[in-house]
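1. Generate a structure from the sequence data that follows.
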Amino acid sequence: MRSDLPVKEVMTSVVCTIKKEDTVHTLAKKLVEYGVGSAVVIENGKPIGIVTEKDLIAKIVARNKLPSQVRIEDIMTHPIITITPYTSLREAARIMIRKGIRRLPVVNDRGELMGIITDNDILGVSLDLGELTALITENSVGYSVETPREVEEDLYAGICEKCGKYSDSLVNFNGLRLCEDCLETEK
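-> The predicted structure follows:
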């Protein structure tokens, strides 16, 4: 893969969005509808924040709050970090690693939302593991990446090609290396 490829070639252009006035209950329904783990908070066509599954767990579930009574502006992460469509995949990966984030909204020169790129999108275009390791080492964030290795009977350690999480037991299924959770959803 060419790491100088611009993110516009890989980004998702249909983005799950939400308004800051909406409730967390509305957000949860949208996340399910889109099948994603985050929504970009939009105001006047421009991203002003982001809400992720992690926010929902930490700020709603862990605090036993009622989703229909909490507004998005109360839990969104802001200010939001964005990139342009011409940012390279390598730079996008570097920003994600350095900032400890997994999603980057893509905006045009007027600051309007054009798409989003995730860590899974970058992994999906087969950023070779050596280059990814170099990025992680270069940014010294404390992440550790192992080269996929055979464990036993078609089991591998590495990054799941569906959810992007590290697993000690990936299984080959329909040409993909999947963790146990993703394997169950595929069957």
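
2. what about Asn174, distance to Glu161?
-> 10 Å (C-beta to C-beta, to the nearest Å). Quick note: C-beta positions are derived from backbone N, CA and C, even for glycine.

3. So which of the two has more stuff around it?
-> Glu161 (19 against 6; other C-beta atoms under 10 Å).

4. How about that one: what's its closest non-neighbour residue?
-> Of all residues not flanking Glu161 in the chain, Leu176 sits nearest, at 4.5 Å (C-beta to C-beta, 6 or more residues apart in numbering).

5. isn't the one you found right up against Lys162?
-> Yes: counting by C-beta atoms under 8 Å, Leu176 touches Lys162, with 6.5 Å between them.

6. Of the two, which one has the most company?
-> Under the neighbour definition other C-beta under 10 Å, Leu176 and Lys162 were set side by side, and Lys162 has more, 19 against 14.

7. how many other residues sit next to the residue lying closest to Thr17 once chain neighbours are set aside?
-> Nearest residue to Thr17, sequence neighbours excluded (C-beta to C-beta, 6+ apart): Ile42, at 4.6 Å. Residues near Ile42, counting by other C-beta under 10 Å, number 18.

8. Extract the C-alpha set from the helix or strand containing Ile42 and format it as CSV.
-> Assigned by DSSP states H and E, Ile42 belongs to strand 38-43. Extracted in CSV, the C-alpha atoms of strand 38-43 (Å, rounded to 0.1, in the frame of the first residue of the first chain):
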residue,chain,number,x,y,z
SER,A,38,-19.5,6.9,16.5
ALA,A,39,-21.3,9.9,15.3
VAL,A,40,-20.0,13.3,14.3
VAL,A,41,-21.8,16.2,16.0
ILE,A,42,-22.7,18.8,13.3
GLU,A,43,-23.7,22.5,13.6
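
9. residues of that strand that come out buried?
-> For strand 38-43, burial by neighbour count (16 or more other C-beta atoms under 10 Å) applies to 38-42.
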